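K.L.:
Would you be able to build a 3D model of this:
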Amino acid sequence: MQSTISVVSAFFNQKENAMPLIQSIEVYVVVNGASATTADPVYVGVVTKHYGGREFPLRYQQTGMSFVSGHTYKFGFSATGGDYPPAWDSQGNGSNSLSAYPLEVSDGAQFDQRVYLRKEPVRAEGQADSALFLDDVSVTLRLDSGEAFFYRTRYSTNEEPSLVRLANEYGQMVYLYPV
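P.N.:
Predicted coordinates for the structure are as follows:
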C-alpha cells in the first residue's frame, strides 16, 4: 500500500519537478543581397540535452513563400501568442504548435540546447540547388520560467555578421552560437 501511495504522490508532484518548457521561438533572418531567391524549405531546429528535439519550418512548400534577396524575415512559434506573425501551422493544435507539442529544455541551461538552421535542397527536373546566403540569423528561445536564451551566427553581438551559405557545395546546415 505504501508503494502505491508513493507512486500516486510522485505522479501528482511531477509538475513541481518538471523541466522548463519553451514558450516561444523567435527567428530573425536577413538574406544577403547577392543571394538567389529560393523556394527551398528552410527549418530552425532545437535539440535539447536528454529530451530530443524538433524542427520547425520557416519556409515550407505549403506556404508558397520564398526567401528573396535583400529581405529581412521574422518568424514566430509560440504557445501563448506573440508580437510577430505566427509561422506555418504553429497555432492551436497545428503540427508546429508548442502548446500542442511542448518541448522541454534541460534545467534551464542555455549551453545545453543546440539551435541550428537547415535548408533542404529541392530540385525540379534539371534545376540546380538554389543557394541561400544569409547575412544574419538570430533565434530566441523563451521559456515558461521567464528565461530567454539567445543564439546567433556569430560569437557576440559586437562582432560583424558572418555570411552563412546554405547550398550543396557549402553544406545545408549551420549551428548557431549562444550569446
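
K.L.:
can we go C-alpha only for contacts and neighbour counts from here?
P.N.:
OK.

K.L.:
which parts of stretch 67-80 are buried?
P.N.:
Going by neighbour count (16 or more other C-alpha atoms under 10 Å), the buried part of stretch 67-80 is 67-70, 72, 74-79.

K.L.:
Would you format those as a markdown table with secondary structure and distance to A36 included?
P.N.:
As requested, the buried residues of stretch 67-80 are exported to a markdown table (DSSP: H, G, I helix; E, B strand; the rest coil; distance: C-alpha to C-alpha, whole Å):
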| residue | secondary structure | distance to A36 |
| --- | --- | --- |
| F67 | strand | 8 |
| V68 | coil | 7 |
| S69 | coil | 6 |
| G70 | coil | 10 |
| T72 | strand | 14 |
| K74 | strand | 19 |
| F75 | strand | 20 |
| G76 | strand | 24 |
| F77 | strand | 26 |
| S78 | strand | 30 |
| A79 | coil | 33 |
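
K.L.:
Looking at the closest residue to D112 other than its chain neighbours now. What's its pLDDT?
P.N.:
Using C-alpha to C-alpha, 6 or more residues apart in numbering and skipping residues adjacent in sequence, the residue nearest D112 is K49, 5.6 Å away. Per-residue pLDDT puts K49 at 76.

K.L.:
Please renumber the chain so that the first residue is 7 from this point on.
P.N.:
In the new numbering, first residue 7, that becomes K55.

K.L.:
what's K55 sitting at in phi/psi?
P.N.:
phi -70, psi 130 (degrees, to the nearest 10).

K.L.:
picking that back up, now pLDDT and distance to P184 too, for the buried residues of stretch 73-86, in a markdown table please.
P.N.:
Shown next, in a markdown table, are the buried residues of stretch 73-86 (pLDDT from 0 to 100; distance: C-alpha to C-alpha, whole Å):
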| residue | pLDDT | distance to P184 |
| --- | --- | --- |
| F73 | 85 | 25 |
| V74 | 87 | 27 |
| S75 | 88 | 26 |
| G76 | 89 | 25 |
| T78 | 91 | 21 |
| K80 | 88 | 19 |
| F81 | 85 | 19 |
| G82 | 83 | 19 |
| F83 | 82 | 19 |
| S84 | 79 | 20 |
| A85 | 74 | 22 |
